[in-house]
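> Sequence first, then the predicted structure:
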Amino acid sequence: MYKQKFRITSLLFFLILCGLNLIAQEKYTISGFIDDASSGEKLIGVNIYDLNSEQGVSTNTFGFFSLTLPQDSVLLSISYVGYKTEVLTFYLDENIELEFELEGENELEEFSIVGERIEKIEESTQMSRISISSAQLKQIPTLLGENDVLKAIQLLPGVQSGGEGQSGLYVRGGSPDQNLILMDGVPVYNVSHLFGFFSVFNADAIRDVNLIKGGFPARYGGRLSSVLEINMKEGNTKELKGAGSISTIASKLTLEGPVGEKTSFLVSGRRTYIDVLARPLIAAAFSNEGGSGTAGYNFYDLNFKVNHKFSNKDKLYFSMYNGLDRFFVRARSNYDDGFNEFETGFNWGNLAFIGRWNHLISEKLFSNVTFNYTRYQFGTFASFEDEYTDQNGLVNEAFELNYDSGIYDWSGKIDFDYYPSPAHHIRFGVQHTYHDFNPGLFKVKFSSNNQTELEQSFGNSRVYSNEFYTYIEDDFEINNRLKINAGLHFSGFILKDDTYTSLQPRISVRYKISDKTSIKGSYAAMAQYIHLLTNQGIGLPTDLWVPSTERIKPQSSFQGAIGIASSIFKKYELSVEGFYKEMDNVVSFTEGSSLFVLEGWEEKVTQGSGKAYGAEVFLQKKKGDFSGWIGYTLSWNFRQFDDLNEGNVFPFRYDRRHDISVVGIYKLNDRINLSATWVYGTGNAVSLPDLRVPGFNENVAFYQEDFSYNYVNTFGERNNFRMRAYHRFDFNIDLRKQKKRYTRVWSFGAYNVYNRKNPFFLQTRDRFDSEKNKVVTELVEVALFPVIPSIAYKFEF
Amino acid sequence: MKNLFNKIYVLAFVLFFMACENLEVVVPIDIDDPDPVLAVGAYFSNDMDSYNVTVSQAVGALSDLENNNQDSALIQIFEEGLLFDEFILNRFALEDFDQNFIPGNNYKLQVSKSGFETISAEAVYPSLVEIDTAYFRENNVVGEFNEEVKQVQINFQDPVGSNFYEIKAYIGYEFDSETYFYPLYPSNEQFNGQRGRGEGLFFSDENFEGELAEIIINYSDFEVEEDAEVILELRHINEEYLLFDLSLELAFNSNDNPFSEPVQVKSNIENGFGVFALWNSDIVVLEN
């Protein structure tokens, strides 16, 4: 294994050095930024291509590009899907800096599907990558009219949802904790609102989304299964713009605009309001019971971003995200001689502060420095106060329980983009994160007549660790047919007494077999030092992030993929990929453990291995009145743990043999847009008890106890039962009208149009059977969402 | 504008509650019940008073059948392949069972009952592991409820190879000329001793394999008089007994928790369910 790694590593360095040796001619550099003409937003992945020399590059995450060409006349084409292509002609005899703006083709073109924005699918070395634009997100039918980036990602091949309505992503056999979800380059830990039914990302504040399922470039690390980059809007630099919506469950408002010539801002907020609407009804219900009280649930998100351009070489970005879910119940009953008051609830949320500084060191070297603080916190509380009078007088008794868990990160990194020649794009950088884990602490207090009788804390102590990585990668073109992205990622995790390190080679190769078709292959080794203790299903806030320890080792994986990518019939793109992935040290709860980890979480966790393989087909139409895609995944997914299932291999809960998604968006005319999705997935594998067995005990003889009354269920093979298949059809219609000062859209939709009773979970229930005249136990599938209509009013100005 | 917002709010509210109404739909699922199989709990040791054999039936988890006891089953025990003893199970059957198990020998249990497939299990009878020393330890440990926690240390030589133990502790006291035994439910954090179905504490020797074992057990002494004697029993057990007892207890503890991970009860009975448990025990009495 080590020999193999060494050989791959040596090969990568050899290839990089060979490529660099080719750079030895008199050349000049064209560099700069490409912006959107109407908003001033940086455009990512714009193609800048010299038609004379047939050399080109694309813009990076900050809209920067650098193209070095020999002294000669240049016919520079600047193109981007959905924008007018511009061609510049000039003679290149000195270094040139460009600040260029591209104009959109027309407003409605924005709604076209953009599958692989960065380059044509057959050109890019990157495989297993799909991008989604903000406009596309807003077109896909949604649950309760609330656009959701993670729900849209679930419609892509190789990505599965955990269950009905859930936001968790299961990518190529992985689990949700194995996804590196980056918001403006910074990891977000808990991405769920409302127990996983909505994600924390406000679609109005999102610029674009990129998902990488395999062939990971060396600049990414820390998770095994996917990278999901969510880039937030930077803020319009031209004029004040706004957008908002009122949907069945939440309202949103986004404002963005310039502040002077060099600064822009964006502020976006979203809040649910069912608690506000229901408050009078709840108060009335408490009143009917003879007391007073309130209860409710809500969540909110707030995004804020401000950017300042000091010069063409220096730009500063500051962004903040704050989101919180909150559930609470308060009740009070008054009596003649006192009262009784009860309060309970829980809340959880993310907070992130991100600062970034772009600096252009030279026309060929771009740097980005990022500092951030992120926090995910979960807390629950319960208090009870009772006041009454007895023979000794007035008595007041109070009890309080508080629980807190969370993860707090301070992080810094610097990334460089170096463009020595059109054939090379070298990236390198280093990152460090200080983690502070709070795996759960309880505080209990009991007082009587304001005197503390008991005050105690118990739970898991905090764990502090340092995580770092460094990387280098080169995306280089050997000739017109062969292009390679090769790199190394070295990472480490330092605990008090333990240090783990990992060297991860990465390589992706593209070979064009014709102008429209290429074959691609990739290999990526990954390591993950933090783990999520979760119940494998619903995204509960009690899910706990914990670090690797002396006992719990880091997770690792390798994934190989091979595929073919082709542009067909001008407007279609087809990719077919096969993948094979092995994972080590994946975590699971031990038998009988539950998700509420009070103390000693390490004892409740076991580690094993996983294996997934399969094939994906993705056919998409990117332009025209009708656009959309069909995705199909055929896959197998297994787990093996020495401590589970008697050490035997078993199917993972989300071992889904067939997964199909069909997405269609149709622009009927300038005012009406129709969209629909249909999804199908093989049923989840779940464990059912197979036998009801007597509760033997050495001390109890058979004539002393009838085991009819002392029995328990035992499970057989793990995940031995398949739930019924999941399928659903959603539909949406947007009615758009340009008003004098703004554009309004009425959006009507329906989730699960044909009212399929999709299984959410299985359970056993006791029921009295009148024919048998006794209580019988039966197995039932519980379905959650029937057909759900939605309506939303949206406006933009 | 205000009017419009009011209308939207009302509409949204109505739609939301329409959507939420009867969200949960229950779909009954039919699955075939497996046939009932014999279930046996067979416990044998060097103490004839603790022999115990119980025969019942294991049925499908969703079956209408009950786990009725099955008396009149034929119990056969073979030693190194030869019939060792046999009897029909009834209330008094074990009173006549008078056999000495020999350490290191292989024993096979076979249970037959008409209407069921014959079931069997094999196990090796463990050697006697004697307690070298046992004594009370001075300590200042305080329990969860601020009660005094007492400690006893037990030392013994662990034989070569994988071994498994159960430690039991009782208080013995006289009342009306009778001796009563009160289980102490000991605990141990030192080697992660685990509680099973009964009052014993189970260990494997992974932390002291082939060495002198020095095990400290804790117990909370709430009600028993200070001068009562403490009886310690060290059982050298077969691994299957430990696995069965701990997993069965885990299944009972997690059975009603919908969030707990599934538990496989680890039976060592072929074609059926249950345990064939063997142990060899040494007992010491500590005077307070």
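Looks like it arrived, so ask away. Residues are numbered from 1 along each chain as shown, chains lettered A, B, ... in the order given.
> can you tell me the residue of chain B closest to chain A?
Using C-beta to the nearest C-beta, residue B:41 is the residue of chain B that sits closest to chain A, at 3.0 Å. For glycine as for every other residue, the C-beta is placed from the backbone atoms N, C-alpha and C.
> So for that residue, what pLDDT did the model give?
Here the pLDDT value assigned to residue B:41 is 92.
> which element is it on?
Residue B:41 belongs to strand B:37-45 when assigned by DSSP states H and E.
> What strands line up against that strand, and which way round?
When pairs are called by DSSP bridges, strand B:37-45 turns out to pair with strand B:52-60 (antiparallel), strand B:273-286 (parallel).
> what separates residue A:624 from chain B, distance-wise?
33 Å (C-beta to the nearest C-beta, to the nearest Å).
> Residues contacting stretch A:615-624, please?
For stretch A:615-624, the surrounding residues in contact (C-beta atoms under 8 Å, 6 or more residues apart in numbering or on different chains) are A:81, A:109, A:112-115, A:130, A:156-158, A:571-579, A:627-635.
> could you give me the average pLDDT of it?
Rounded mean pLDDT across stretch A:615-624 is 88.
> mind listing what's buried in it?
A:615-623 (16 or more other C-beta atoms under 10 Å in any protein chain shown).
> So what's the residue count around residue A:497?
Using other C-beta atoms under 10 Å in any protein chain shown, residue A:497 has 7 neighbouring residues.
> again with residue A:458
12.
> That one bridge partners, please.
residue A:442.
> next SSE after the helix or strand where residue A:181 lies?
According to DSSP H and E, residue A:181 maps onto strand A:179-183. Downstream of strand A:179-183, the first helix or strand assigned by DSSP H and E is strand A:186-187.
> how long is stretch B:152-165 end to end?
End-to-end distance of stretch B:152-165 (C-alpha to C-alpha, to the nearest Å): 16 Å.
> how about it: buried residues?
Result for stretch B:152-165 [16+ other C-beta under 10 Å]: buried residues B:152, B:154, B:156, B:158, B:163-165.
> Equivalent analysis for stretch A:473-486, please.
Buried-residue list, stretch A:473-486, by 16+ other C-beta under 10 Å: A:473-477, A:483-486.
> what's the answer for stretch A:282-297, then?
Under 16+ other C-beta under 10 Å, the buried positions of stretch A:282-297 are A:286, A:293-297.
> Relative to chain B, which of the residues you listed is nearest.
Nearest member of the buried residues of stretch A:282-297 to chain B, counting by C-beta to the nearest C-beta, is residue A:297, at 12.2 Å.
> wait, what's in contact with that closest one?
Counted by C-beta under 8 Å, 6+ apart, residue A:297 has contacts A:194, A:272, A:274-275, A:325-328.
> Inside strands: which ones of those residues?
Of those, the ones assigned to strands by DSSP state E are A:272, A:325-328.
> Narrow these to those that are buried.
A:272, A:325, A:327-328.
> picking that back up, just give me the closest of the contacts of residue A:297 to residue B:62.
residue A:194 (33.0 Å; C-beta to C-beta).
> Number of residues surrounding that closest one?
Residue A:194 has 21 nearby residues by other C-beta under 10 Å.
> Please apply the same query to residue A:560.
Neighbours of residue A:560 (other C-beta under 10 Å): 16.
> repeat for residue B:173
Neighbour number of residue B:173 under other C-beta under 10 Å is 15.
> got the buried residues for the strand holding residue A:181?
A:179-183.
> Same list, those, but as CSV with distance to chain B please.
Putting these into CSV (distance: C-beta to the nearest C-beta, whole Å) gives the following:
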residue, distance to chain B
A:179, 23
A:180, 27
A:181, 25
A:182, 30
A:183, 28
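> Following element in sequence after the helix or strand containing residue B:123, please.
Assigned by DSSP H and E, residue B:123 belongs to strand B:119-124. As assigned by DSSP H and E, the chain's next helix or strand after strand B:119-124 is strand B:131-137.
> Contacts for that following strand, please.
B:150-157, B:212, B:216, B:230, B:232, B:234, B:282, B:284, B:286, B:288.
> could you show me where the helices are in the chain, in order?
All of this refers to chain A. A:2-21, A:134-139, A:149-153, A:274-288 (DSSP state H).
> not quite, I wanted chain B
Counting by DSSP H, the helices of chain B are B:2-20, B:239-254.
> If I average pLDDT within each of the ones you listed, which one is lowest?
Of all the helices of chain B, helix B:2-20 carries the lowest average pLDDT, namely a mean of 49.
> Show me what counts as buried in stretch A:385-403.
A:385-387, A:398-400, A:403.
> By pLDDT, give me the weakest of those residues.
When those are compared, residue A:403 shows the smallest pLDDT, 85.
> what's near enough to touch it?
Counted by C-beta under 8 Å, 6+ apart, residue A:403 has contacts A:379-381, A:440-443, A:459.
> So what pairs up with it in the strands?
According to DSSP bridges, beta-bridge pairing links residue A:403 with residue A:380, residue A:442.
> Residue A:472 and residue A:486 touch, don't they?
No. With contact defined as C-beta atoms under 8 Å, residue A:472 does not reach residue A:486; the gap is 9.3 Å.
> Quick one: end-to-end distance for stretch B:200-211.
End to end - C-alpha to C-alpha - stretch B:200-211 spans 22 Å.
> do that stretch and chain A meet?
No. Stretch B:200-211 lies out of reach of chain A by C-beta under 8 Å from any C-beta of the partner chain, never closer than 8.8 Å.
> what comes up buried for that stretch?
For stretch B:200-211, by 16+ other C-beta under 10 Å, it's B:200-205, B:208.
> Looking at these, point me to the pair that's furthest apart.
Longest span within those, C-beta to C-beta: B:200 and B:208, 18.3 Å.
> Provide a list of residues in contact with residue A:409.
Counted by C-beta under 8 Å, 6+ apart, residue A:409 has contacts A:187, A:372-375, A:433-436.
> Please parse the chain into its domains.
I went with chain A, as the question did not name one. Split into domains by automatic domain parsing, chain A comes to A:2-106, A:110-609+A:619-684+A:723-796.
> That was the other one, I meant chain B.
With automatic domain parsing as the reference, chain B has domains B:37-124, B:131-239+B:249-265+B:279-286.
> ok, residue A:259 to residue A:99 distance?
19 Å (C-beta to C-beta, to the nearest Å).
> Tell me which residue lies nearest the centroid of chain A.
residue A:181 (4.4 Å; C-alpha atoms, centre = their mean).
> contacting residues around that residue?
Counted by C-beta under 8 Å, 6+ apart, residue A:181 has contacts A:187-188, A:191, A:228, A:230.
> and if you look at residue A:148?
With C-beta under 8 Å, 6+ apart, residue A:148 has these contacts: A:142, A:167, A:198-199, A:201, A:203.
> What backbone torsions are found at it?
The phi/psi pair for residue A:148 (degrees, to the nearest 10) reads phi -140, psi 120.
> With adjacent residues omitted, what lies nearest to it?
Nearest residue to residue A:148 in three dimensions, chain neighbours excluded: residue A:199, at 5.3 Å (C-beta to C-beta, 6 or more residues apart in numbering or on different chains).
> Counting neighbours, what do you get for that neighbour?
Count around residue A:199 with other C-beta under 10 Å applied: 29.
> isn't it right next to residue A:191, touching?
Yes. Using C-beta under 8 Å, residue A:199 is in contact with residue A:191, at 5.1 Å.
> Pull up the overlap in contacts between the two.
A:150, A:167.
> Excluding chain neighbours, what is closest to residue A:673?
Nearest one to residue A:673, counting by C-beta to C-beta, 6+ apart, is residue A:734 at 4.3 Å.
> Right, I'll leave it there.
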